[in-house]
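Chemist: my questions concern the predicted model and sequence given below.
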Amino acid sequence: MIKNGATSLMVRLLLHLPRPAPSPTYRRRHRHLLTLPQLRASPSVPAAASSAAMSTAAAQAVADQKRALRSEVRRALRALSPEQRASEDQAIQNTILNSTWFKESKQICAYISCAQLREVDTSKILAEVLSPNSEHGHAKDLYVPRVEDKNRNMRMLKITSMDDLVKNSMNILEPSSLDGSGNAREEVLSASSPVDLLLLPGQAFDRTGRRLGRGGGYYDTFLMRYQELAKEKGWDQPLLVALSYSVQILEEGIIPVNSTDVPIDALVSSSGIIPISPAALARI
Ligand SMILES: Nc1nc2c(c(=O)[nH]1)N(C=O)[C@@H](CNc1ccc(C(=O)N[C@@H](CCC(=O)O)C(=O)O)cc1)CN2
Ligand SMILES: Nc1ncnc2c1ncn2[C@@H]1O[C@H](COP(=O)(O)OP(=O)(O)OP(=O)(O)O)[C@@H](O)[C@H]1O
């Protein structure tokens, strides 16, 4: 874990920069399925600040802090041995595959992991979701990301096989817009039933629900759109579960956030599940 204190000069510096606002952090966790080392209390963040209230300088400071933190985590990930990664990949995927909340989910959004980017492997989970049920075809629907442009537009398209994927310019597998018959793939924002579970990648996380992405704003924008749609339709919100190597779980208060950062509901690491939000505490 990257810690505040002697571990890293950069992280210590982060704590002295202007504080980000507002925090999309869940206030309190009521129980844990996992015991992690006790962390220092995080600095409190103004509760009701709006993005409009955030000065350009503060927004820039947050962006700079995020960029520095990404570099630091990237270094920590590169230092993990292939054996350590493989062992965590297996533990994380088994935890998910054995959970009732995964088994009960019918509509799932998930990322296609990229080993080059040192992302937690999702291949076992994807294989399970795509495995045909003998009587009813696919028991679960799977939607995966496709980047449409550099302007934070990402769609989640339905696939039925890993053969539906092709490498994009960032070397990440993603679905083509059209299927093999030339028909447009179904987009999750147009689906007739709600997403139950969304498995998220990220660069860093904490136990209050903060998530640091790769800096594209793709997931935050998609999640905002999906959450608005679910509200309009009167659907339950999907459970947002991030997958994390141990070194990506940071001490509370270190990940800077702004008003567009969408908090996660739960975190899965090789040590188990950390439910964070009230929705996660109810379902996990
Ligand atoms: N597997 C996976 N699929 C995904 C995402 C993801 O994070 N993981 N995305 C989530 O947004 C979107 C793609 N966005 C991406 C954004 C940056 C990079 C990337 O290669 N970043 C480099 C740094 C590049 C730089 O700083 O110039 C890196 O992180 O090392 C890849 C994908 C949609 N699909
Ligand atoms: N819903 C949104 N509406 C407008 N701008 C947004 C939204 N979400 C993110 N952004 C902008 O996108 C840029 C990148 O945001 P940020 O650094 O938080 O991305 P990230 O969380 O690392 O990436 P991702 O969301 O893809 O995981 C920022 O300038 C941010 O203000």
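Modeler: Received the coordinates, thanks. Ligands and ions are numbered 1, 2, ... in the order given.

Chemist: pLDDT (mean, whole number) over the helix or strand in which E174 is found?
Modeler: E174 is part of strand 173-175 when elements are defined by DSSP states H and E. For strand 173-175, the mean per-residue pLDDT is 98.

Chemist: ok, stretch 104-112 next?
Modeler: On average, the pLDDT along stretch 104-112 is 98.

Chemist: pull the distance from it to the chain's centre.
Modeler: Centre-to-centre, stretch 104-112 and its host chain are 13 Å apart (CA atoms, centre = their mean, to the nearest Å).

Chemist: enumerate the positions of that stretch that are buried.
Modeler: Within stretch 104-112, the residues scored as buried using 16 or more other CB atoms under 10 Å are 105, 107-112. For glycine as for every other residue, the C-beta is placed from the backbone atoms N, C-alpha and C.

Chemist: may I see these organised as JSON lines, with secondary structure added?
Modeler: Formatted as JSON lines, these follow (DSSP: H, G, I helix; E, B strand; the rest coil):
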{"residue": "S105", "secondary structure": "coil"}
{"residue": "Q107", "secondary structure": "strand"}
{"residue": "I108", "secondary structure": "strand"}
{"residue": "C109", "secondary structure": "strand"}
{"residue": "A110", "secondary structure": "strand"}
{"residue": "Y111", "secondary structure": "coil"}
{"residue": "I112", "secondary structure": "coil"}
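
Chemist: what residues does the following helix or strand past the strand holding E174 touch?
Modeler: Sequence order places strand 197-200 as the next helix or strand after strand 173-175, per DSSP H and E. Residues outside strand 197-200 that contact it (CB atoms under 8 Å, 6 or more residues apart in numbering) are 96, 101-102, 105, 107-111, 122, 125, 211, 219, 223, 226, 238-243, 264.

Chemist: about what we covered before: just curious, which of the buried residues of stretch 104-112 is nearest to ligand 1?
Modeler: Using CB to the nearest ligand atom, Y111 comes nearest to ligand 1 of those, at 4.1 Å.

Chemist: what number of residues lie near D141?
Modeler: Residues near D141, counting by other CB atoms under 10 Å, number 21.

Chemist: quick one: the helices in the stretch 151-284 of the chain, in order.
Modeler: Per DSSP state H, counting those that start in this stretch, the stretch 151-284 of the chain carries helices over the ranges 218-233, 278-283.

Chemist: what sits closest to A110 if chain neighbours are left out?
Modeler: L199 (4.1 Å; CB to CB, 6 or more residues apart in numbering).

Chemist: again, but for E88
Modeler: With CB to CB, 6+ apart as the criterion, E88 has its nearest non-adjacent residue at 4.0 Å, and that residue is S270.

Chemist: OK, contacts around the one you found?
Modeler: Applying CB under 8 Å, 6+ apart, we find S270 in contact with 87-88, 91-92, 245-246.

Chemist: residues from the stretch 151-284 of the chain in reach of ligand 1?
Modeler: With the criterion set to CB under 6 Å from any ligand atom, the stretch 151-284 of the chain comes near ligand 1 through 154, 170, 172, 201, 213-214, 216, 218-219.

Chemist: what do you get if the cut-off is 8 Å, keeping everything else the same?
Modeler: By CB under 8 Å from any ligand atom, the residues of the stretch 151-284 of the chain that approach ligand 1 are 154, 170-174, 201-203, 213-219.

Chemist: show the buried residues in the contacts of strand 197-200.
Modeler: 96, 101-102, 105, 107-111, 122, 125, 211, 219, 223, 226, 238-243, 264.

Chemist: now do the residue nearest to A110, the pLDDT please.
Modeler: Reported pLDDT for L199: 99.

Chemist: number of residues surrounding it?
Modeler: If we define neighbours as other CB under 10 Å, then L199 has 25 of them.

Chemist: what separates it from ligand 2, distance-wise?
Modeler: Shown here: L199 relative to ligand 2, a distance of 13 Å by CB to the nearest ligand atom, to the nearest Å.
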